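the following comprises the amino acid sequence and a computationally predicted model.
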Amino acid sequence: MTDWSGGYVTDITYTYGYYNELNPLRVRLGFLNAGLVPPEVATACELGFGQGMSINLHAAASSVQWFGTDFNPAHAGFAQDLARVAESGAQLFDEAFEQFCRRADLPDFDYIGLHGIWSWISDENRRVIVDFVRRKLKVGGVLYISYNTQPGWAAMVPMRDLLTEHAAVMGADGAGIVSRIDAALNFAERLLAVNPAYARANPQIAERIKKIKEQNRHYLAHEYFNRDWRPMSVAQMGEWLASAKLTWACSAHYLDAIDAIHLTAEQQRLLADIPDPMFRQLVRDFCVNQQFRKDYWVKGARRLTPLEQAEALRAQRVIRPTTLGCEPKDHRRPWRGRLAGGRLCAHFGTTCRPQIQNPGSAGTSASGRRPQHHLCPAAAGGAGPDRRWGAIACARRCRHPKGQKAHRAAQCLSDDEGALEQ
Ligand SMILES: C[S@@+](CC[C@H](N)C(=O)[O-])C[C@H]1O[C@@H](n2cnc3c(N)ncnc32)[C@H](O)[C@@H]1O
């Protein structure tokens, strides 16, 4: 940790993740499903962009004007290099929130996003962010925010405190964060082995520590070993954001909209009896033992009439991703559409495969975690429909390592539910 970090871990860099919830074009379907007027997004901002994978991909693949900051210069440096190689046009800074949020040269934003930030910063920084949202988010604009919540973390709170305390008190000075993490986890296992009453009251903790031990140390450092770490209920979140005139709009995790896959019939009936939307969310979090929330909040929710909602949903275009190696005959014609606001031409056929395949990783996704779905930025051929996709694809072709990272992350863009067309 350093003077400028405000207690945030800086002696180990964060992972290279892409998070599709940060894509502002995903707001539209969530809002339409909730019966709300979605914003037209022309300007967007990401606070704490980490290695900058998401912000660069969203900037490269759309006409949205992106701004962002991350105070770790190692992160900002990588993200700026990526922006250069991919010609994403994103304006990326290495300023702390407090400094960045005071800049006079920022536009007002239609969309502000923070992923994996809120629970790991001080109240002082939270106030800076809320004030920034109050001043800089346009009327009708959307805040995407993810955070650790309750009751899913309830049992783990004392254990996380123990881990950080061990790292601070028992960790050898100069031993490095990874060694302090390992020592803290080993100590936690020793503690659980003596069958403390805490472990008897919370039998799931031993399994959790076992799983944590298997995780990437870069991730663990940022998740558990910051000075500040506060899971917050959705109701508390509502209180924080009320001063920025925000109200909860809907979950950014599309599947949350389908109650039947999360809640029993009795639970659905209980929730249906609760008129207050925030309290309903709070109770729902108890039903599912929620641990992490990803939500959209809006400045001035406006409701669609049922007819407007039905028409807008019917007009919503989507592109279906296909599976690597699978070429059903009816996929062989080119499909045209828009991905992340940029135009995209997807050829589901033999032309697709050489463009998207990552040598040596066929059959697994870039992260190695997900089933391989893909859409093909056909701009790779040079005559493609979108200059920016071309830039990413081109960076990959010239084998610049950062360009290849951009390309691999570009694959993830299409991993999940499919790409949306506006
Ligand atoms: C857990 S990481 C998440 C990064 C990125 N949003 C993602 O999901 O990959 C949190 C990031 O916030 C940055 N950060 C923490 N406190 C900050 C502050 N006060 N000002 C600017 N950046 C900060 C860290 O450097 C780190 O990259």
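Noted; the coordinates are in hand.

what residues does the stretch 51-200 of the chain put near the ligand?
69, 70, 71, 72, 75, 96, 97, 115, 116, 117, 121, 125 (C-beta under 6 Å from any ligand atom). (C-beta placed from N, C-alpha, C; glycine too.)

beta-bridge partners for the first one, please?
Judged by DSSP bridges, the bridge partners of residue 69 are residue 47, residue 93.

and it, how many residues sit next to it?
Neighbour count for residue 69, taken as other C-beta atoms under 10 Å: 24.

cool, the second one as well?
Neighbour count of residue 70, defined by other C-beta under 10 Å: 28.

do you know the pLDDT at it?
Predicted confidence (pLDDT) for residue 70: 98.

re the thing from before, now the two most distant members of the residues of the stretch 51-200 of the chain next to the ligand.
The most widely separated members of those are 96 and 115, with 17.7 Å between them, by C-beta to C-beta.

give me the more crowded residue out of the two.
With neighbours defined as other C-beta under 10 Å, residue 96 and residue 115 compare such that residue 115 has more, 21 against 18.

who's in contact with the more buried one?
19, 21, 22, 46, 48, 54, 144, 146, 294 (C-beta atoms under 8 Å, 6 or more residues apart in numbering).

select from these the one having the most neighbours.
residue 46 (30 neighbours).

sorry, back to before: now the residues of the stretch 51-200 of the chain next to the ligand in CSV, with secondary structure?
As requested, those are arranged in CSV below (DSSP: H, G, I helix; E, B strand; the rest coil):
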residue, secondary structure
69, strand
70, coil
71, coil
72, coil
75, helix
96, coil
97, helix
115, coil
116, coil
117, coil
121, coil
125, helix
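
could these go into CSV alongside distance to residue 262?
Listed next are those as CSV, based on distance: C-beta to C-beta, whole Å:
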residue, distance to residue 262
69, 35
70, 33
71, 36
72, 36
75, 34
96, 38
97, 33
115, 22
116, 22
117, 26
121, 29
125, 32
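
CSV for the contacts of residue 115, including pLDDT?
Conversion of the contacts of residue 115 to CSV gives the following (pLDDT from 0 to 100):
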residue, pLDDT
19, 94
21, 93
22, 96
46, 98
48, 98
54, 96
144, 98
146, 98
294, 98
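
now, those residues that are in strands?
46, 144, 146, 294 (DSSP state E).

now the second one. Nearest residue, chain neighbours left out?
If I follow you right, that is residue 144. residue 113 (4.2 Å; C-beta to C-beta, 6 or more residues apart in numbering).

and the one you found, bridged to which residues?
residue 46, residue 144.

tell me which residues touch it, please.
By C-beta under 8 Å, 6+ apart, the contact set of residue 113 is 21, 22, 24, 44, 45, 46, 47, 143, 144, 145.

report the two of those residues separated the most.
Of all pairs in these, the most separated under C-beta to C-beta is 21 and 45 at 15.2 Å.

which other helices and strands contact whichever strand or helix holds residue 99?
For residue 99, the enclosing helix or strand under DSSP states H and E is helix 97-100. Helix 97-100 sits against helix 123-136, with contacts defined as 3 or more C-beta pairs under 8 Å, 6 or more residues apart in numbering; DSSP states H and E.

give the buried residues for the helix it packs on.
125, 126, 128, 129, 130, 132, 133, 136 (16 or more other C-beta atoms under 10 Å).

who is the residue of the stretch 251-400 of the chain found nearest the ligand paired with across the strands?
With C-beta to the nearest ligand atom as the measure, residue 294 is the residue of the stretch 251-400 of the chain nearest to the ligand, at 11.0 Å. Taking DSSP bridges as the rule, residue 294 bridges to residue 146.

and whichever residue of the stretch 201-350 of the chain sits closest to the ligand, what does it touch?
Nearest residue of the stretch 201-350 of the chain to the ligand: residue 222, at 4.1 Å (C-beta to the nearest ligand atom). For residue 222, the contact set (C-beta under 8 Å, 6+ apart) comprises 9, 12, 14, 116, 120.

do that again at 10 Å, thanks
When contacts are counted by C-beta atoms under 10 Å, 6 or more residues apart in numbering, residue 222 touches 8, 9, 10, 12, 13, 14, 15, 50, 116, 120, 216.

which element is it on?
helix 217-224.

quick one: the next helix or strand after that helix to helix 123-136, angle?
The first helix or strand that comes after helix 217-224 along the chain, using DSSP H and E, is helix 234-242. For helix 234-242 against helix 123-136, the angle by axes from the mean of the first three to the mean of the last three C-alpha atoms, to 10 degrees is 50 degrees.

helices or strands up against helix 234-242?
Using 3 or more C-beta pairs under 10 Å, 6 or more residues apart in numbering; DSSP states H and E, the elements in contact with helix 234-242 are helix 123-136, strand 137-148, strand 247-251, helix 277-288, strand 292-298.

okay if I get those as a markdown table plus distance to residue 36?
Formatted as a markdown table, the helices and strands packed on helix 234-242 follow (distance: least, C-beta to C-beta, whole Å):
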| stretch | distance to residue 36 |
| --- | --- |
| helix 123-136 | 18 |
| strand 137-148 | 10 |
| strand 247-251 | 6 |
| helix 277-288 | 12 |
| strand 292-298 | 7 |
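
tell me which of those sits nearest to residue 235.
Of all those, helix 277-288 comes closest under C-beta to C-beta, at 4.9 Å.

residues of the closest one that come out buried?
Those would be 278, 280, 281, 282, 283, 284, 285, 287, for helix 277-288 by 16+ other C-beta under 10 Å.

could you report the neighbour count for residue 154?
The local packing of residue 154 (other C-beta under 10 Å) involves 12 other residues.

that one contacts residue 289, doesn't it?
Yes - judged on C-beta atoms under 10 Å, residue 154 makes contact with residue 289 at a distance of 8.8 Å.

flag the shaky bits of this protein, pLDDT-wise.
1-2, 173, 319-422 (pLDDT under 70).

relative to residue 233, which of the helices and strands packed on helix 234-242 is closest?
helix 277-288 (6.0 Å).

residues making contact with the closest one?
34, 149-152, 233-239, 247-251, 256, 259, 262-264, 266-268, 270-274, 276, 290-291, 293, 295.

strands along this structure, start to end?
So, for the chain - with DSSP E - the strands run 43-47, 65-69, 91-93, 109-114, 137-148, 247-251, 292-298, 317-319, 322-323, 334-339, 342-347, 373-374, 419-421.
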